[in-house]
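J.: Dropping a prediction and its sequence here:
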Amino acid sequence: MAQVQLKNVVKKYGALGVVHGVNLDIAEGEFVVLVGPSGCGKSTTLRMVAGLEDITGGDIVIGDRVVNDLPPRERNLAMVFQNYALYPHMTVRENLGFSLKIAKKSQPEIDRAVDEAANILSLTPLLDRKPGALSGGQRQRVAMGRAIVRQPEVFLFDEPLSNLDAKLRTQMRVEIKKLHQRVGSTVIYVTHDQIEAMTLADRIVIMRDGHIVQVGTPLQVFENPVNTFVATFIGSPPMNLLDGTVQAGQVVLADGTTIPLPPGLHIADGRRVQFGVRADNIMPEGHALPPTAHMAFVDMAVTLTEPLGTETLLYATLAGTEIQAKMLNPRPVSPGETMRFGVALDKCHIFDADTGLNLRG
Amino acid sequence: MASATQHRIKKRALKTAHFLGLFLAMSLICIPGLWVVLNSFRPTIEIMAKPPVWMPQSLSLDHYRAMFGGAGEGGIPVMTYFRNSLIISITSTVIALLVGMAGGYAFARYSFKAKGMMFVALMASRAVPGVALSLPLFIIFGRTGIIDTHFGLILVYVAMNVPFTIWLIDGFFRQVPKELAEAAEIDGCTRWQAFWKVEFPVARSGIASAGIFAFLTSWNEYALASQLTRSTTSKTMPVGLLDFTSQFTLNWGGMCALAVLMIIPALLLTFVVQKHLIAGLTFGGVKG
Amino acid sequence: MFRAKLPPWLVLLLPAFIIILAVVAIPLILSLYSSFTPYHLTRPDTLWKWTGSFNYIKAASDANFWKAFGRTVLLLTIALNTEMLLGLGLALMVSKVTRGQRALRTAMMFPMMFSPILVGFQFKFIFNDNVGLVNNALQSLGLTDVAIPWLVDGNLAMFAIIFAEVWTSTSVFAILILAGLFAIPQDPLEAAKVDGCTPWQSFRFVTLPFLMPFIYIAMAIRSLDVARAYDIVQVMTNGGPARRTELLWTLIGRTGYVDARMGYANAMGYIAILMSIGFTIYFFLKLQTARRELGMGEM
């Protein structure tokens, strides 16, 4: 177990910058998820920690060693790859034991470690098969087992679940979380799936275009997104954003509809902003409105419904923008029906229209 | 810091060794061939000089002039050989490709009993050494009167090339998803149209590479041609090379000129489809 | 009506089978038959005289035959292994080149375009003891002042032949192994790095197993055509001097065409054929196993 520090880490391919000065402190035993759209530099950052990419500038510290120039084999970490990266010519047992064999461990020791890992991941009946004869989920487990066997200081995961189907992904997510609770190693996990990030992370690091946009616990980034990018990236469905102008403590939308500013915010008249509200905070009247004193109401025509069982997702149009809203204790709604929606203002955000920054600060 | 410097020195040493090794290997690969080209431009006296002349004193086209112009005075009918080679190689390549496409398609798309056995048997037929085959062929061709004809040699080369052609093309058709042809059939093609309009274009580069191999084999083959051709009506260039030798002497310069004439078409062809060549070998073999 | 009954795969394979039957199978049956007769090219009636296994017994008790046989196997073993190792080395070096790699690859294929007979002449010329490139170079550099009899001394002649053979065929290995190197998925290699492998261990445990199918393809391709070496040897030494470089194929060729003893030549030819086919089948089976191990699909 070890802490990991990234100090102003830069990666350039020739003139093209991919990672621009990333600073990050990861505590011992912490589960950190790097999340962002493809091309944001998250995988490159992970691979620099692994030592698979040279770093162009800055320092990477694992434990108390600067590892900038160390080859991967001297960094004592384990990595789970997106495509599993199993050795196709070796059996599951050989795959699991490979790193220990390379480290010249004794055969009984290897066997013990392999059996234990196989046990944890219920791979025991598959030990003598080759990767070619395994299903996707089984391969994924072997890849994880290979990482466990090493008992590394740091685990690196590079989009490990993106090749699995939805059901398996949920299942493996739970297994990864359990695994972390059991072994307690430091984990750096890269994904583009914000649900994975929310459910797994102690802390989420949101990246875009080679920069860190926000770092925080899942709830922090969900409740206090620093800008519209984080607001729409984290949470499902994404936060609704409505263009408007501030006028006397109210946001005036394109069609003249007005919504009061959230409590405690004072913004000069005439400023162009975006009003952000999540589907959970805009709900039709009469269906378990969120408990708050700061409620505003708007009328909208429903265009489409998505019944999900315990709730129904309503699509409606407000001032020319499509809005998603949630209806708890749902009743059938026919498209075209106009409903009155309550907006929980204290959960809403105002972003600057030009910079996208959250004006709550 | 010390280890970083050491690292750098080691890196530079490796780089130098890599460069030197590559340079040496490439020299060994290129020099024997280039030497032949060079000698085709040098007068015989200079080639045979003792002590050797390292810096060519005079370059001339004499050997080429003699080669193309000397047919009357005991010279060698090089142009006839060239034409024979061209006719035989191209015809046999085209036929081998047609036969190989049919066979390769059968192996790639249909399953039938003893498929693996049949495939290995086909390959084994290619492994029969030319010399061993030339003895009975010599007798049969002599009896049927197709010895010393273009037809006889074309037939032999088709048979030689078909197994390898089938192997390569089979591999390429396997790369073409079956669904592609099925989609075409649903879109209203007959099976035959589906093949020509969809599967064939996709597998084209594999077929091209099979074609190159077939052509090079026919173009360069000697063991069978030397027994099955007798006169200028069918002699190919590899056999023609021997015309430059007599009991005790060898006309090196003239031979080198003919050699260059032999290499040029092969070289041009290979350069044009270089990429397909490698792809052909790989796909055909590994994934097939 | 008849056509409709044939399964489509058979219709498609029929042309191939007919041609191979005509050019390979029937002649082989004829040569098998004639190997049981004392058939002499100049006396056609000898074809009808059955002597049973006489020719085979004669071959089996002929010291020259066994020497040629042993030499052929030795030549093939040395040549194929050398080609494989050099091809591997060359491919590894070329794969590390970043600029001008295309040009290198093209140059690498140069020897493949040479007719074997031409290679024979070329190296006969290069190893010529009087005016050859090798001796000229050695003498000019002052390394030796005698003319080394490359093609006259038995061992040197074998060396020269193997050199020529390796020169033409190493590129087949190099190109295929290079293709293999490019086809290796990067993930397992990176996993190996993280798992603690040194560069050598990565090569040994990950790269090499991946390359094996490619090496076997090259071997299989080469085994289809090992007898190409015949052309080279025939030109360079024709089995001489005094049979010191005699290979099965030169022995067969001379017995059949020069001595006109077709029956005996065919008997020896059959042994050469079986050896070649054995090589081919062996490498194809190896290729299949290697492929299956890597899960690259069945044949």
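T.: Good, I have the coordinates.

J.: Scan chain B for its longest helix.
T.: Secondary structure assigned by DSSP state H gives helix B:2-39 as the longest helix of chain B.

J.: Might you list the low-confidence residue ranges for the stretch 1-150 of chain A?
T.: Residue ranges of the stretch 1-150 of chain A with pLDDT under 70: A:1.

J.: Chain B contacts on that one?
T.: Counting by Cβ under 8 Å from any Cβ of the partner chain, the residues of the stretch 1-150 of chain A close to chain B are A:Asp69. Just so you know, the C-beta spots here come from the backbone N, C-alpha and C atoms, and that holds for glycine as well.

J.: Tell me where the stretch 101-250 of chain C has helices.
T.: Counting by DSSP state H, counting those that start in this stretch, the stretch 101-250 of chain C has helices at residues C:101-108, C:116-126, C:133-140, C:154-183, C:186-194, C:199-202, C:208-223, C:229-236, C:248-253.

J.: And the ones you listed: which comes nearest chain A?
T.: Proximity to chain A (Cβ to the nearest Cβ) singles out helix C:186-194 among the helices of the stretch 101-250 of chain C, at 3.4 Å.

J.: Just give me how far that closest one sits from the chain centre.
T.: Distance, stretch centre to chain centre, for helix C:186-194: 36 Å (Cα atoms, centre = their mean, to the nearest Å).

J.: Then stretch A:123-130?
T.: Worked out by Cα atoms, centre = their mean, stretch A:123-130 lies 32 Å from the chain centre.

J.: Tell me which residues are up against that stretch.
T.: Residues outside stretch A:123-130 that contact it (Cβ atoms under 8 Å, 6 or more residues apart in numbering or on different chains): A:88-93, A:96, A:114-115, A:117-118, A:134, A:138, A:141-142, A:145, C:293, C:295.

J.: which of the residues in that stretch are buried?
T.: A:123, A:126-127, A:130 (16 or more other Cβ atoms under 10 Å in any protein chain shown).

J.: residue contacts, residue 117?
T.: Just going to use chain A. Going by Cβ under 8 Å, 6+ apart, A:Ala117 touches A:96, A:123, A:145-146, A:148-149.

J.: Not quite, go with chain C.
T.: B:220, B:222, B:238, B:241, C:231-232, C:234-235 are the contacts of C:Ile117 under Cβ under 8 Å, 6+ apart.

J.: restrict these to those near chain A?
T.: Within the contacts of C:Ile117, nothing lies near chain A by Cβ under 8 Å from any Cβ.

J.: Would you reformat the helices of the stretch 101-250 of chain C as JSON lines and include distance to A:Asn163 and mean pLDDT?
T.: Listed next are the helices of the stretch 101-250 of chain C as JSON lines, based on distance: least, Cβ to Cβ, whole Å; pLDDT from 0 to 100:
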{"stretch": "helix C:101-108", "distance to A:Asn163": "32", "mean pLDDT": "81"}
{"stretch": "helix C:116-126", "distance to A:Asn163": "49", "mean pLDDT": "86"}
{"stretch": "helix C:133-140", "distance to A:Asn163": "57", "mean pLDDT": "81"}
{"stretch": "helix C:154-183", "distance to A:Asn163": "20", "mean pLDDT": "87"}
{"stretch": "helix C:186-194", "distance to A:Asn163": "12", "mean pLDDT": "87"}
{"stretch": "helix C:199-202", "distance to A:Asn163": "24", "mean pLDDT": "88"}
{"stretch": "helix C:208-223", "distance to A:Asn163": "21", "mean pLDDT": "84"}
{"stretch": "helix C:229-236", "distance to A:Asn163": "49", "mean pLDDT": "83"}
{"stretch": "helix C:248-253", "distance to A:Asn163": "54", "mean pLDDT": "84"}
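
J.: which of the contacts of stretch A:123-130 count as buried?
T.: For these, a neighbour count by 16+ other Cβ under 10 Å gives the buried set as A:88-93, A:96, A:114-115, A:117-118, A:134, A:138, A:141-142, A:145, C:293.

J.: Next, the buried residues of stretch B:167-179.
T.: Buried-residue list, stretch B:167-179, by 16+ other Cβ under 10 Å: B:167-176.

J.: and that stretch, how far out from the chain's middle?
T.: Per Cα atoms, centre = their mean, the centroid offset for stretch B:167-179 relative to its chain is 23 Å.

J.: Likewise for stretch B:20-30?
T.: In terms of Cα atoms, centre = their mean, the centre of stretch B:20-30 is found 23 Å from the chain centre.

J.: Look at residue 185 and say how many residues are nearby.
T.: Reading this off chain A. By other Cβ atoms under 10 Å in any protein chain shown, 22 other residues sit near A:Ser185.

J.: if you could check chain C rather than the one you did, that'd help
T.: C:Pro185: 14 surrounding residues under other Cβ under 10 Å.

J.: again, but for A:Gly216
T.: 19.

J.: Looking at strand pairing, list the partners for it.
T.: With beta bridges defined as DSSP bridges, A:Gly216 has these partners: A:Ile204.

J.: Could I get the pLDDT score of it?
T.: Looking at A:Gly216, its pLDDT stands at 94.

J.: How about A:Ala293?
T.: We have a pLDDT of 77 for A:Ala293.
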